[in-house]
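> Sequence and predicted structure are below.
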Amino acid sequence: MASTLTNKERAHLKARAHALDPFVQTGNAGITDAVVKEVDRALTAHELLKVRIGTDDREKRVALGDDLCARTHAAAVHRVGKVLILWRARPLEDGDAAAPTPKRSTAAPKRAAGTPKGETETPKRATATAKRGGRPRKRSTAVRKRSARKRSAR
């Protein structure tokens, strides 16, 4: 049974698959038992792979892709032209606990000392701060005078 993927999971898997080359290619014979066996072996080893379906008819490509998904119990992540991206969770080995799918960190990066609120530390700013010995950057004379005027007006 193919698992359903959320949009977030699908986007994450598409990003992971971007750098991959098609691992399995089908020919004129379509989806044979040998192709299914190879895709099954590759999914067990890699969890995510690209398959190139070598037919020019779009409806036949979609039907072959659906058949391959059903026979390998994989989920179709994305289809682009003749390339189909498949994903199936690795089977658990004896004694392994269920490993959660890795999530990207959504926490905002920490601000460095002297970094204005709302801004994060960039590599360029980190280098400049390190050159100053960790001191905050100097403000221009115009900015200092404007700040002084605002404080005196309060």
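Received the coordinates, thanks.

> got the end-to-end distance for stretch 84-92?
25 Å (C-alpha to C-alpha, to the nearest Å).

> ugh, wrong one, stretch 25-42
Using C-alpha to C-alpha, the end-to-end distance of stretch 25-42 comes out at 12 Å.

> got the buried residues for that stretch?
For stretch 25-42, burial by neighbour count (16 or more other C-beta atoms under 10 Å) applies to T26, I31, V35, E38, V39, D40, A42. For glycine as for every other residue, the C-beta is placed from the backbone atoms N, C-alpha and C.

> Can you spell out which helices and strands pack onto the host helix or strand of the fourth one?
Secondary structure assignment for E38, by DSSP states H and E: helix 33-46. Counting by 3 or more C-beta pairs under 8 Å, 6 or more residues apart in numbering; DSSP states H and E, the packing neighbours recorded for helix 33-46 are strand 22-26, strand 48-53, helix 58-72, strand 83-87.

> Now with 6 Å, please.
Counting contacts by 3 or more C-beta pairs under 6 Å, 6 or more residues apart in numbering; DSSP states H and E, helix 33-46 is packed against strand 22-26, helix 58-72.

> so of those, which one's packed in deepest?
Mean neighbour count (mean count of other C-beta atoms under 10 Å) peaks for strand 22-26 among the helices and strands packed on helix 33-46, with a mean of 18.
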